[in-house]
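*Asks:* Sequence and predicted structure, then a few things I'm wondering about:
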Amino acid sequence: MITAATAAALGLLGAVLGMAGAVIAGLAWARSSLSVMFGDVPLADVLILLVGLPLIAAASGWLFAGREPSAVARQPIDYACRPPYAVSLSSRTAASPG
């Protein structure tokens, strides 16, 4: 699920930055005739790109993400007794100086 959310966020970011770059490039290219350049903007196409790109990215991220790794999905083993390497301080005896 996190793969799909990440893909959707990156898709939306890419769509917004791409549109902003296209508008800035269009402004720089046709600065003398802005009414001709931006008079008939196809808003339906722009909205399809801004909404469709993140949706397609989320769907493909969800579809191709795969399963969680088994190390994350499993619960850790609960030991019934202490492992042999766990030694408490009370079981150690102080050596007498000799």
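*Replies:* Received, thanks.

*Asks:* Tell me which stretches of this protein form strands.
*Replies:* Using DSSP state E, no strands are assigned anywhere in the chain.

*Asks:* Just name the shakiest helix or strand of it by mean pLDDT.
*Replies:* Within the chain, no helix or strand scores below helix 70-73, which has a mean of 60 by mean pLDDT, DSSP states H and E.

*Asks:* Just give the nearest non-adjacent residue to residue 37, would you?
*Replies:* Excluding the flanking residues, the one nearest residue 37 by Cβ to Cβ, 6 or more residues apart in numbering is residue 30, at 3.9 Å. To be clear about C-beta, it is placed using only N, CA and C from the backbone, and glycine gets the same treatment.

*Asks:* same thing with residue 36?
*Replies:* residue 30 (7.0 Å).

*Asks:* burial count for residue 40?
*Replies:* By the criterion of other Cβ atoms under 10 Å, residue 40 has 7 neighbours.

*Asks:* any idea how far residue 59 is from it?
*Replies:* Residue 40 is 32 Å from residue 59, where distance means Cβ to Cβ, to the nearest Å.

*Asks:* What of residue 29?
*Replies:* Distance, residue 29 to residue 59, using Cβ to Cβ: 34 Å.

*Asks:* which stretches of the protein form helices?
*Replies:* Here the chain has its helices, by DSSP state H, at 2-29, 34-37, 43-64, 70-73.

*Asks:* Next, format those as a markdown table and append mean neighbour count.
*Replies:* Below are those laid out as a markdown table (neighbours: other Cβ atoms under 10 Å):
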| stretch | mean neighbour count |
| --- | --- |
| helix 2-29 | 13 |
| helix 34-37 | 10 |
| helix 43-64 | 14 |
| helix 70-73 | 7 |
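
*Asks:* Pick out the shakiest of those, pLDDT-wise.
*Replies:* When mean pLDDT is averaged over each of the helices of the chain, helix 70-73 scores lowest at a mean of 60.
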